[in-house]
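>>> fold the following for me, if possible:
(one chain, ligands or ions: 1)
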Amino acid sequence: LQNSHTDRTAFHFQPIKNWMNDPNGPLFYKGYYHLFYQYNPYGAVWGNIVWGHAVSTDLIHWIHLPAALVPDQWYDIKGVWSGSATFLSKVNLVLLYTGWSNASRQVQNVAVATNPSDPLLRSWSKLSENPILVATAGINSSNFRDPTTGWTGSDGLWRVLVGSKIDKNETGLALLYKSHDFVKWQLADHSLHSVANTGMWECPDFYPVSMNEKKGLDTSVNGPLVKHVLKVSLDDKKRDYYALGTYDTSADIFIPENKKIDVGIGLRYDYGKYYASKTFYDDNKQRRILWGWINESDSIAADKAKGWSSVQGIPRKVWVDESNPHGIKQWPIEEIEKLRHAKHSKKKFWLKKGSILKLKAKRATQLDIEVSFDLPSHNQQELVLNDEMAQNEAQINCGKVGATKQGTYGPFGLYVLATKDLQERTSVFFYLRHSNKGWRTLVCSDQSRSTLLPNIDKTIYGSFVPVTKGEDFLSLRVIVDHSIIETFAQGGKVCITSRVYPTRVNDDSAHLYLFNHGNQIVHVQMLAVWEMSNVVFDIY
Ligand code: DQQ
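Sure, this is the predicted structure:
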């Protein structure tokens, strides 16, 4: 058995070859979106990290540029690690990043765009004052990294966060620094926020969200109809957690809406693979966009053999979930719809118990699928507080059910990247579970039969789905691109990203099915399947 060459994606962001990890400093400037990313120019495993760089006018078609930042100073000679971009003014753009120094310390540095008239931002110069932040008393220089985009407070001072932890009790925290010029910084006497037992907080991200509009907000905006999202990447779990809360500017602290689902112990951006993510404010379309790194589920040996590792998820627009005061919604940016063609759709039909319905799709390795089902009528939904306990329960439940066990309502959903005999298939489905308070909805992404290959992480992912009053449907959007499957349930309230490596599925032989293994008949309100075009990346 062999990984098929079709593992490489057709419309996700990937370098031509080699290793990639975190997205860094995304921004929009003079008509171009810029993506920087952690990149190893010399191999398909982590190491020798530089800032890879690519530009695009639509976030889909990319031009690869030479690396923007490479290790060439004592303070970053072992690696140019993650960081963010900040506009000090419309034409004054800086990057703030972690350097791994010659003495293996983590320090923060600034690079300035040296030719602001170049829309491709090809030249950067590192400040002579670098490093501008070093770990001081009480901070371990091995836990001191990933500065955020800066924002200004009412006092006009710049603020940034740096991820850290307190060693003795594994408290994760976001150190707060202030500056009037982005060069000389002062550590505040308290962190912006901390949560016990969450371990190292990598790649913090902190941004305002509007409570009454889907529009995004620039990073310094605050006010009565504004809440804030604090996201951290938990090194121990390799998962991105967020919380919605209030940013009290006078005290300079973040107050979560609900302490039980505080950062690191509550909601996740994605219940599959998704890490070290970062947002930026897109001035061009007044929205906030989220990028996330999706690593491989196969072995290092397999990555070396194929010569590359990791993809970036399709950028997502994020905004507050109007039906849930604690959560946000995420949806693939609208530009991706330009790749849709050859639509097959069907409306209002029944899926009998036990049915497996083959759907039309010529090239089922590259699809965008939307499907919605009627919410079973006597279904009184119990809303679940998606804390860690609930998350474990969801994952265990999805694992137990798999896509084959029969329940009352479900499992029903999609088999994607399936062979005709269903020996290989990934199942994305709903399953309704009864508890003494009513029904609860689970959404699951089951990789257990995604490939005949051994040595692949085939975890069955799952989460509870908040189905709120007035919602009489259950919906899925699933984007399939060879080895990545991104699921957006209930309009983007819950997301699950999976990596899969089928051996017998290629562009001509991949199949797509709808299935219902529940006891009850299921009504499909709407189904639409689009084939997706390939994207050609250019090299500058
Ligand atoms: N990746 C970077 C670090 C960051 C980690 C190094 C997260 O700056 O903490 O490649 O994946």
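>>> how about the strands in the stretch 1-150 of the chain?
Secondary structure of the stretch 1-150 of the chain (DSSP state E, counting those that start in this stretch): strands at 18-29, 32-40, 50-56, 63-69, 79-89, 92-100, 106-113, 124-126, 144-145.
>>> looking at those, which is nearest to the ligand?
Nearest to the ligand, of all the strands of the stretch 1-150 of the chain, is strand 79-89, at 3.3 Å by Cβ to the nearest ligand atom. From N, CA and C alone the C-beta is placed, and that goes for glycine too.
>>> restricting to C-alpha, output the closest one in CSV.
Output in CSV follows, covering the C-alpha atoms of strand 79-89 (Å, rounded to 0.1, in the frame of the first residue of the first chain):
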residue,chain,number,x,y,z
GLY,A,79,15.1,30.2,13.8
VAL,A,80,12.7,33.0,12.9
TRP,A,81,9.6,31.9,14.9
SER,A,82,6.0,33.0,14.9
GLY,A,83,4.7,36.6,15.1
SER,A,84,2.4,39.2,13.8
ALA,A,85,2.1,42.3,11.6
THR,A,86,1.0,45.7,12.9
PHE,A,87,0.3,48.9,10.9
LEU,A,88,1.8,51.7,13.0
SER,A,89,0.3,54.0,10.3
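>>> what is the mean pLDDT for that strand?
For strand 79-89, the mean per-residue pLDDT is 97.
>>> still on that earlier bit, now tabulate the strands of the stretch 1-150 of the chain in CSV and tack on mean neighbour count.
Below are these laid out as CSV (neighbours: other Cβ atoms under 10 Å):
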stretch, mean neighbour count
strand 18-29, 24
strand 32-40, 23
strand 50-56, 22
strand 63-69, 18
strand 79-89, 23
strand 92-100, 23
strand 106-113, 23
strand 124-126, 17
strand 144-145, 24
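>>> dump these to TSV, plus distance to residue 173.
Shown next, in TSV, are the strands of the stretch 1-150 of the chain (distance: least, Cβ to Cβ, whole Å):
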stretch	distance to residue 173
strand 18-29	20
strand 32-40	23
strand 50-56	26
strand 63-69	26
strand 79-89	17
strand 92-100	16
strand 106-113	15
strand 124-126	27
strand 144-145	11
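>>> so which of the ones you listed is nearest residue 289?
The closest of the strands of the stretch 1-150 of the chain to residue 289 is strand 18-29. By Cβ to Cβ, the value is 7.0 Å.
>>> one step back: which of the strands of the stretch 1-150 of the chain sits closest to residue 271?
Comparing the strands of the stretch 1-150 of the chain by Cβ to Cβ, strand 18-29 comes nearest, at 19.5 Å.
>>> just checking: what are the partner strands of that closest one?
Paired with strand 18-29 in the same sheet, following DSSP bridges, are strand 32-40 (antiparallel), strand 308-309 (parallel).
>>> what's the closest of those strands to residue 251?
strand 32-40 (33.0 Å).
>>> now render the strands of the stretch 1-150 of the chain as a markdown table, adding distance to the ligand.
Shown next, in a markdown table, are those (distance: least, Cβ to the nearest ligand atom, whole Å):
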| stretch | distance to the ligand |
| --- | --- |
| strand 18-29 | 5 |
| strand 32-40 | 4 |
| strand 50-56 | 10 |
| strand 63-69 | 12 |
| strand 79-89 | 3 |
| strand 92-100 | 5 |
| strand 106-113 | 8 |
| strand 124-126 | 17 |
| strand 144-145 | 5 |
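>>> which of these sits closest to residue 339?
strand 50-56 (13.4 Å).
>>> any buried residues in the helix of greatest length in the chain, and which?
Taking DSSP state H as the criterion, the chain has its longest helix at helix 388-401. By 16 or more other Cβ atoms under 10 Å, the buried positions in helix 388-401 come out as 390, 391, 393, 394, 395, 397, 398, 401.
>>> burial count for the closest residue in space to the first one that isn't next to it in sequence?
So that's residue 390. The shortest distance from residue 390 to any residue other than its chain neighbours is 5.0 Å, reached at residue 384 (Cβ to Cβ, 6 or more residues apart in numbering). Residue 384: 21 surrounding residues under other Cβ atoms under 10 Å.
>>> wait, a helix at residue 384?
No - counting by DSSP: H, G, I helix; E, B strand; the rest coil, residue 384 is located in no helix; its state is coil.
>>> residue contacts, it?
By Cβ atoms under 8 Å, 6 or more residues apart in numbering, residue 384 lies in contact with 390, 440, 464, 466.
>>> around the ligand, pick out the residues from this protein.
Taking Cβ under 6 Å from any ligand atom as the measure of proximity, the chain contacts the ligand at 21, 22, 38, 49, 81, 82, 98, 145, 146, 202, 203, 276.
>>> columns mean pLDDT on top of the strands paired with strand 18-29, output as JSON lines?
Compiled in JSON lines, the strands paired with strand 18-29 are given as follows (pLDDT from 0 to 100):
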{"stretch": "strand 32-40", "mean pLDDT": "98"}
{"stretch": "strand 308-309", "mean pLDDT": "96"}
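>>> next, format those as JSON lines and append distance to residue 302.
Listed next are these as JSON lines, based on distance: least, Cβ to Cβ, whole Å:
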{"stretch": "strand 32-40", "distance to residue 302": "16"}
{"stretch": "strand 308-309", "distance to residue 302": "9"}
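>>> one step back: what's the next secondary structure element after the longest helix of the chain?
strand 412-418 (DSSP states H and E).
>>> give me the pLDDT for residue 138.
Note for residue 138: predicted pLDDT of 89.
>>> ok, now residue 506?
For residue 506, pLDDT reads 88.
>>> contact partners for the closest residue to the ligand within the stretch 251-400 of the chain?
In the stretch 251-400 of the chain, the residue that lies nearest the ligand is residue 276 (3.9 Å; Cβ to the nearest ligand atom). Residue 276 is in contact with 21, 22, 23, 38, 82, 202, 203, 233, 240, 292, 293, counting by Cβ under 8 Å, 6+ apart.
>>> which residues touch the residue lying closest to residue 156 once chain neighbours are set aside?
In this structure, residue 156 finds its nearest non-sequential neighbour in residue 180, 7.5 Å apart by Cβ to Cβ, 6+ apart. Neighbour list for residue 180: 156, 157, 158 [criterion: Cβ under 8 Å, 6+ apart].
>>> out of those residues, give me the one that has the most neighbours.
Compared across the contacts of residue 180, residue 158 has the highest neighbour count, 19 neighbours, by other Cβ under 10 Å.
>>> quick one, phi/psi of that residue?
Dihedral pair for residue 158: phi -70, psi 150, per degrees, to the nearest 10.
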